[in-house]
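In: have a look at this prediction, sequence included:
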Amino acid sequence: MFVGICQLGLILPEGRSLKDKRSVVKSIRERLRHRFNISIAEVGQHDALRRAEIGFAAVSNETVYLESLIDKIINYIESDGRVEINTIDREIHKNGC
């Protein structure tokens with residue numbers, strides 16, 4: 001079993017308030033959760049007006065699938081005009097039981 005994890009730093013150039021920021025981040029989280037069946041959360045920059053950090057994870061028996069899935073998720077976020085990706089930290093771990 002392999003676990004793919006990724007942490008993304010986001011910039012919200014149009015952020016006017018924390019309420020607006022949370023609305024955008026929540027919308028992105030929910031769409032990604034339903035579209036890609038991943039576990040996802042906002043993991044940092046909670047009080048920053050124009051920055052956010054999200055982390056997500058997926059499990060598979062193939063590393064190729066996880067690499068492809070992470071690439072698709074990053075491309076999906078990049079196509080959303082409300083945010084820009086600032087940093088990407090991705091890893092795939094083999095979980096031996």
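Out: Nice, thanks for sending it over.

In: can you check the pLDDT for the closest residue to L49 other than its chain neighbours?
Out: The shortest distance from L49 to any non-neighbouring residue, by CB to CB, 6 or more residues apart in numbering, is to G15 (5.0 Å). C-beta coordinates here come from the backbone N, C-alpha and C atoms, glycine included. With respect to pLDDT, G15 scores 79.

In: which residues touch E14?
Out: Counting by CB atoms under 8 Å, 6 or more residues apart in numbering, E14 touches D20, R82.

In: rerun at 10 Å
Out: D20, K21, V24, R50, G81, R82, V83 (CB atoms under 10 Å, 6 or more residues apart in numbering).

In: for burial, what's the neighbour tally of the third one?
Out: Around V24 there are 18 other residues, counting by other CB atoms under 10 Å.

In: helix/strand/coil for the closest residue to it other than its chain neighbours?
Out: Once flanking residues are discounted, V24 sits nearest to R82: 5.1 Å by CB to CB, 6+ apart. Three-state call for R82 (DSSP: H, G, I helix; E, B strand; the rest coil): coil.

In: wait, R82 sits on P13?
Out: Yes - contact criterion CB atoms under 10 Å: R82 and P13 qualify, at 8.4 Å.

In: who's more crowded, those two?
Out: Legend: neighbour count by other CB under 10 Å for R82 and P13, higher for R82 (17 against 9).
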